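Chemist: When you get a sec, could you give me coordinates for this:
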Amino acid sequence: MQLIRKFWMSAVFFWMFSVISCIEPFEATFLDFESALVIEATITNELKQQRVFLSRTYEFEEEGPLAESNANVTVTDSQGNTYTFSDIGNGTYLSTTAFAAQQGLDYQLSITTEDGRNYGSETARLTAETTIDEVRAERITNDFGEDGMAIFVDSFDSTGNSLNYRYEYEETFRVIAPDWNQTSLIGDPQGGCNVLEVPNRTDERICYPTLFSNKIVLTSTKDLAEDRVNNFMVRFINRDNYSISHRYSILVRQYVLSNEAYTFFETLDEITGSENLFSQIQTGFLQGNVFSMEGRNENVLGYFDVATVDEQRIFFNYEDFYPGEPLPPYIENCRPGTPVIQNLGGCVLRPILESGTAVFVGDNISPGDGEGPYLIAPRVCGDCSVLGTAEVPEFWTD
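Modeler: Numbering: from 1, shown residues only. Now for the predicted structure:
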């Protein structure tokens, strides 16, 4: 869903480029930047605290979207039930009570921002329900000649009413820091440049990072003889990706979309998925089903979706598909350095350690000229907590 937040920046950049010579170098500046509200809301048939994400479009030189805080957010159904959402930070609003979208009811989103501006959505209804039949992993060579693991999904709606599907996934995997050491180095409490060897009680050897999909993955069965998703690849992982080095898990979520929602996400994908930022495609404003109550002239980006969802999780080990083959390269080149303790300029090793960017990974048995007595590597090589938690997830199985 992050691509919705990125769209407005992409659209502005396309427009800027279209009016500037493609021959002369230029520095992009953005005049009359419009801070538009971005709404990301998918209410599902799961009984849970539902989520709404609110942010603001951001200028080219900024790092990312700005969270919209302290808004009043509600979802109302056609039976008169109103569900209130609370701001839990970072633009995330969580319903104060758990609820599940019901078939046959209309749902509508309402938002009042901190500055008193009002926004709403068109009504939306829950889509047909289709369960996932199977999620599986297979080793393949893709169309680009790359060896890797493909994640496929199958599902079937015998009524033929689903037709449009969107997929998200969460990847969780075991990481083992290749250079973890039971000994750590700390600065001498007495001061100076000296360092001391102590038992390592801070760095983690085994961790379980979780990554979320950041692409729009869609498929439709409209032009098929039956409403069957068969052998659809939702994810490809190159065999050189460190995430599959040991044990890997993926949770695949399947959303059934209305025709209007599918068209919105398909168009969004075409725009944000352009391989060439400087293509000749000139984008306009992508209109969703959300709008300003103050007047339709104010641009509002996003979509309010009410969708059925089903999910399935699988696990696999690297050795299941690559028996006896070398592991993928680690996320970092862990070739160690050998900084000296100090030089004429002062302390060298201690500031490196105290910066938190590097860890001790071993002794330098035969130091050469200009080398120190310790082997030092990037922190991620000896402490996997840089990548994710060391706590084993509740769903994890071996």
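
Chemist: Tell me where the stretch 51-200 of the chain is predicted with low confidence.
Modeler: Counting by pLDDT under 70, the stretch 51-200 of the chain shows low-confidence ranges at 59-64.

Chemist: Can you show me the helices along it?
Modeler: In the stretch 51-200 of the chain, no segments count as helices under DSSP state H, counting those that start in this stretch.

Chemist: residues touching residue 110, list them.
Modeler: 73-76, 118-121 (C-beta atoms under 8 Å, 6 or more residues apart in numbering). (C-beta placed from N, C-alpha, C; glycine too.)

Chemist: can you list the domains in this protein?
Modeler: As assigned by automatic domain parsing, the chain contains the domains 2-133+263-308, 179-208+332-386.

Chemist: Give me the distance from the shortest one to the chain's centre.
Modeler: If I follow you right, that is domain 179-208+332-386. 32 Å (C-alpha atoms, centre = their mean, to the nearest Å).

Chemist: about what we covered before: including distance to residue 256, could the domains of the chain go into CSV?
Modeler: Below are the domains of the chain laid out as CSV (distance: least, C-beta to C-beta, whole Å):
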stretch, distance to residue 256
domain 2-133+263-308, 4
domain 179-208+332-386, 30
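
Chemist: Of all the ones you listed, which one is nearest residue 315?
Modeler: Closest approach to residue 315 among the domains of the chain (C-beta to C-beta): domain 179-208+332-386, 12.1 Å.

Chemist: so residue 352 sits in a strand?
Modeler: No - read with DSSP: H, G, I helix; E, B strand; the rest coil, residue 352 is helix and lies in no strand.

Chemist: from what I can see it touches residue 358, true?
Modeler: Yes - at 5.2 Å, residue 352 counts as touching residue 358 under the criterion of C-beta atoms under 8 Å.

Chemist: Now do the shared contacts for these two.
Modeler: By C-beta under 8 Å, 6+ apart, the residues touching both residue 352 and residue 358 are residue 376.

Chemist: what's the helix or strand for residue 380?
Modeler: helix 379-382 (DSSP states H and E).

Chemist: what comes up buried for that helix?
Modeler: For helix 379-382, the neighbour count (16 or more other C-beta atoms under 10 Å) marks 379-382 as buried.

Chemist: what helices or strands is that helix leaning on?
Modeler: Helix 379-382 sits against strand 358-363, with contacts defined as 3 or more C-beta pairs under 8 Å, 6 or more residues apart in numbering; DSSP states H and E.

Chemist: for the record, mean pLDDT for the strand it packs on?
Modeler: The average pLDDT within strand 358-363 is 95.

Chemist: May I have that strand as PDB, with CA atoms only?
Modeler: Output of strand 358-363 as PDB, limited to C-alpha atoms (Å, rounded to 0.1, in the frame of the first residue of the first chain):
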ATOM      1  CA  ALA A 358      31.000  -2.300  14.000                       C
ATOM      2  CA  VAL A 359      31.600  -5.300  16.200                       C
ATOM      3  CA  PHE A 360      34.500  -7.500  17.300                       C
ATOM      4  CA  VAL A 361      34.600 -10.700  15.300                       C
ATOM      5  CA  GLY A 362      38.000 -12.200  16.300                       C
ATOM      6  CA  ASP A 363      41.700 -11.700  17.100                       C
END
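
Chemist: What is it packed up against?
Modeler: strand 183-187, helix 349-354, strand 374-378, helix 379-382.

Chemist: right, and those - which one's nearest residue 203?
Modeler: The nearest among the helices and strands packed on strand 358-363, by C-beta to C-beta, is helix 379-382 at 5.6 Å.

Chemist: Which one of the contacts of residue 110 is nearest to residue 111?
Modeler: residue 119 (4.3 Å).

Chemist: For the stretch 201-350 of the chain, just list every one of the helices.
Modeler: Here the stretch 201-350 of the chain has its helices, by DSSP H, counting those that start in this stretch, at 259-272, 318-321, 349-354.

Chemist: about what we covered before: and of the helices and strands packed on strand 358-363, who's closest to residue 258?
Modeler: Evaluated with C-beta to C-beta, these place helix 379-382 nearest to residue 258, the distance being 43.2 Å.

Chemist: State the distance from residue 57 to residue 393.
Modeler: Counting by C-beta to C-beta, to the nearest Å, the separation of residue 57 from residue 393 is 34 Å.

Chemist: what's the closest of the helices of the stretch 201-350 of the chain to residue 389?
Modeler: The nearest among those, by C-beta to C-beta, is helix 318-321 at 20.8 Å.

Chemist: chain center to the closest one: distance?
Modeler: Using C-alpha atoms, centre = their mean, the offset of helix 318-321 from its chain centre is 25 Å.
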